[in-house]
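**Student:** Next input, structure requested:
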Amino acid sequence: MKFPTEHPSILLSVTKWTVLSSAVGIVIGAIVTLFLNILAYGESARGLLPFHYYYLLPLGLALSVWLTRHFAPEAKGHGTEKVIEAVHKRNGKINVAVIPVKLLTTVITLVTGGSAGKEGPGAQIGAGTASAISDLLHFSKRDRKKLVICGISAGFATVFGTPIAGAIFGIEVLVVGAVMYEVLLPSFVAGFSAFFTAQYLGAHYTYYEISYFQHYFIDLVLIAKVILGGVFFGLVAWLIIATLKQTETAVERIPMNPYFKAIGAGILLILLAAVFGDHYFGLGLDTISQTMRVDSGLGSDSLPWYAFLVKIFYTAVTLGSGGSGGIITPIFYIGATSGHWFGGLFGSEHQLALFAALGFVSVLAGATNTPIAATVMAMELFGMDIAHYAAVSIVISFLLSGHRSVFPSQKIRMSKSDLLEIEYGEDIEHSRVKFDKAHYRRFNRIYHDIQLKRQRHRQDRLKRRKKSEEEKEEKNEE
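**Tutor:** Take a look at the predicted model:
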């Protein structure tokens, strides 16, 4: 009988990880809240400047490049990708210098107008803190890896105020097609501990109420629009991934000092502001909130249809030129504005906010390969009434974005189509996707079998018709 040894061992493990993840969640919640408060203070203080704050963007990008190059190269770019890479390649080992450098460079990038997010720093600060605690307590490689995943969940939950989605994001984002269930409980505990700590320290979060979209009957027309929206959001996610990759590659190929590249990128974005306006700098949270209002409207006075395209470019230039920050908040902006535009094309006026919300989470799922976390986030941010629509749109976007991601270090363990061959266990960046010839031959054989059956059926029908005509002729002759 296994009871005497199995259950006490499980209970001991659960107790151990509940205590550890609670403590880590509290510490991370406090540090990430400090980061959020510093960022908020910086954003409010820039209003004191006698000129547009984004005029400082060239200096901000150059300073971010200098800090990362000299003190913590791992802090470059959007932090979640670096954490995923550390988990897969170094068992979660992260340089502790990343924590202050990532905090400082992200604040500099965002306050001076860089188009980036705050989740990457949150995840990297959380993971870095968990890694430092693991080293302090002399954890094994396996335990350190688990605690770092808890740090990702805690950082995500603290930044967005979504502890359940944060916990699932931490265990889903590492591998496409697999969820690390052994870290599920610690991630939940760490996420909630960090979230409650942040609330206790005064953190405020934005939640959106869209319950007026609830339908108590099957609206087939709306469901068809949601399906079409999922296809559109998958293509938008693909565009984000491709633009980020191509921009980073193009910047690396420029034969120029990295500081001059950063300054040039900042000047380029300032010049573009004269054409498109200054709505695309920074986090863009006000624009996201605007898309969630029924009276938001479309047009040059409010939200131009091309807003999501401009934001993609601004974000790619900011991160590709050395700016520091996250990628998730820009994805929210791009998803919400693209969904708002899609709703204006295919939906009614009162459905603009619905499709903005669907874009918010669907583009996230497509760009990061986290459909479960995105679905839970939809319920946490927008309420249960949107859940059934969000699930449909999210899954379609996740599939149609293809085998790519804004996090190229993700491991891949599933194929999004039976007609494709994937090298399982490889990084997405290095995985090869090929058409499955066996499935093609099987499909071709089935197709030819169907054609042969149709041809035989047609011949039999002609024979019966000919025989019937001959019988009629014989009767007429008689």
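
**Student:** Helices of the stretch 151-300 of the chain, start to end?
**Tutor:** Using DSSP state H, counting those that start in this stretch, the helices found in the stretch 151-300 of the chain span residues 163-172, 184-200, 220-253, 258-276, 285-291.

**Student:** Quick one: mean pLDDT for stretch 457-475?
**Tutor:** Per-residue pLDDT over stretch 457-475 has a mean of 76.

**Student:** among the helices of the stretch 151-300 of the chain, which is the most enclosed?
**Tutor:** helix 163-172 (a mean of 28; mean count of other C-beta atoms under 10 Å). In short, each C-beta sits where N, CA and C put it, glycine included.

**Student:** list the contacts for the spatially closest residue to residue 281 that is not a sequence neighbour?
**Tutor:** Among residues not flanking residue 281 along the chain, residue 113 sits closest, at 3.8 Å (C-beta to C-beta, 6 or more residues apart in numbering). Listed by C-beta atoms under 8 Å, 6 or more residues apart in numbering, the contact partners of residue 113 are 53, 54, 56, 57, 60, 269, 278, 281, 282.

**Student:** next one: residue 95
**Tutor:** 72, 74, 128.

**Student:** So which of the residues you listed is the closest to residue 40?
**Tutor:** Of all these, residue 40 sits closest to residue 128, with 21.5 Å by C-beta to C-beta.

**Student:** What is the helix or strand where residue 107 lies packed up against?
**Tutor:** Secondary structure from DSSP states H and E places residue 107 in helix 98-111. Secondary-structure packing of helix 98-111 (3 or more C-beta pairs under 8 Å, 6 or more residues apart in numbering; DSSP states H and E): helix 3-45, helix 57-71, helix 79-90, helix 119-136.

**Student:** and the longest one, how far out from the chain's middle?
**Tutor:** Which is helix 3-45. Distance of helix 3-45 from its chain centroid, counting by C-alpha atoms, centre = their mean, to the nearest Å, is 22 Å.

**Student:** so it versus helix 98-111, what angle?
**Tutor:** Angle, helix 3-45 to helix 98-111, by axes from the mean of the first three to the mean of the last three C-alpha atoms, to 10 degrees: 40 degrees.

**Student:** Please verify my assumption that residue 61 contacts residue 321.
**Tutor:** Yes. Counting by C-beta atoms under 8 Å, residue 61 does reach residue 321; the two are 5.8 Å apart.

**Student:** coming back round to it: nearest to residue 239, of the helices and strands packed on helix 98-111?
**Tutor:** Nearest to residue 239 among the helices and strands packed on helix 98-111 is helix 79-90 (18.3 Å), distances taken as C-beta to C-beta.

**Student:** What residues sit buried inside that closest one?
**Tutor:** Across helix 79-90, burial judged by 16 or more other C-beta atoms under 10 Å covers 79, 80, 81, 82, 83, 84, 85, 86, 87, 88.

**Student:** would JSON lines of the helices and strands packed on helix 98-111 with distance to residue 312 and mean pLDDT be doable?
**Tutor:** Shown next, in JSON lines, are the helices and strands packed on helix 98-111 (distance: least, C-beta to C-beta, whole Å; pLDDT from 0 to 100):
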{"stretch": "helix 3-45", "distance to residue 312": "22", "mean pLDDT": "90"}
{"stretch": "helix 57-71", "distance to residue 312": "18", "mean pLDDT": "94"}
{"stretch": "helix 79-90", "distance to residue 312": "17", "mean pLDDT": "88"}
{"stretch": "helix 119-136", "distance to residue 312": "17", "mean pLDDT": "91"}
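
**Student:** Low-confidence ranges, the stretch 151-300 of the chain, go.
**Tutor:** 210-218, 294-300 (pLDDT under 70).

**Student:** How many neighbouring residues does residue 12 have?
**Tutor:** 10 (other C-beta atoms under 10 Å).

**Student:** Distance of it relative to residue 6?
**Tutor:** 11 Å (C-beta to C-beta, to the nearest Å).

**Student:** any idea how far residue 343 is from residue 364?
**Tutor:** Counting by C-beta to C-beta, the gap from residue 343 to residue 364 is 17 Å.

**Student:** Comparing these two, which residue is more hemmed in?
**Tutor:** In this view residue 343 and residue 364 are compared by other C-beta under 10 Å, and residue 364 has more residues nearby, 29 against 26.

**Student:** helix or strand for that one, which one?
**Tutor:** According to DSSP H and E, residue 364 maps onto helix 352-368.

**Student:** how much does that helix deviate in direction from helix 220-253?
**Tutor:** 50 degrees.

**Student:** before we move on, back to that, out of the contacts of residue 95, who's the most crowded?
**Tutor:** Neighbour-wise, these (other C-beta under 10 Å) top out at residue 128, 34 neighbours.

**Student:** Can you give me the neighbour number for residue 396?
**Tutor:** That count, for residue 396 with other C-beta under 10 Å as the rule, works out to 23.

**Student:** my read: it touches residue 230, true?
**Tutor:** Yes. Assessed by C-beta under 8 Å, residue 396 is found in contact with residue 230 at 2.9 Å.

**Student:** Give the residues shared as contacts by these two.
**Tutor:** Jointly contacting residue 396 and residue 230 under the rule C-beta under 8 Å, 6+ apart are residue 362.

**Student:** buried set for stretch 35-49?
**Tutor:** Buried, per 16+ other C-beta under 10 Å, within stretch 35-49: 35, 36, 39, 43, 46.

**Student:** now, among these, which is nearest to residue 263?
**Tutor:** residue 46 (19.3 Å).

**Student:** ok, that closest one - contacts?
**Tutor:** Contacts for residue 46 were tallied using C-beta under 8 Å, 6+ apart; they are 53, 111.

**Student:** Just the pLDDT for it.
**Tutor:** So residue 46 comes in at 87 (pLDDT).

**Student:** TSV please, covering the buried residues of helix 79-90 and showing distance to residue 106.
**Tutor:** Formatted as TSV, the buried residues of helix 79-90 follow (distance: C-beta to C-beta, whole Å):
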residue	distance to residue 106
79	8
80	12
81	14
82	13
83	14
84	18
85	18
86	18
87	20
88	23
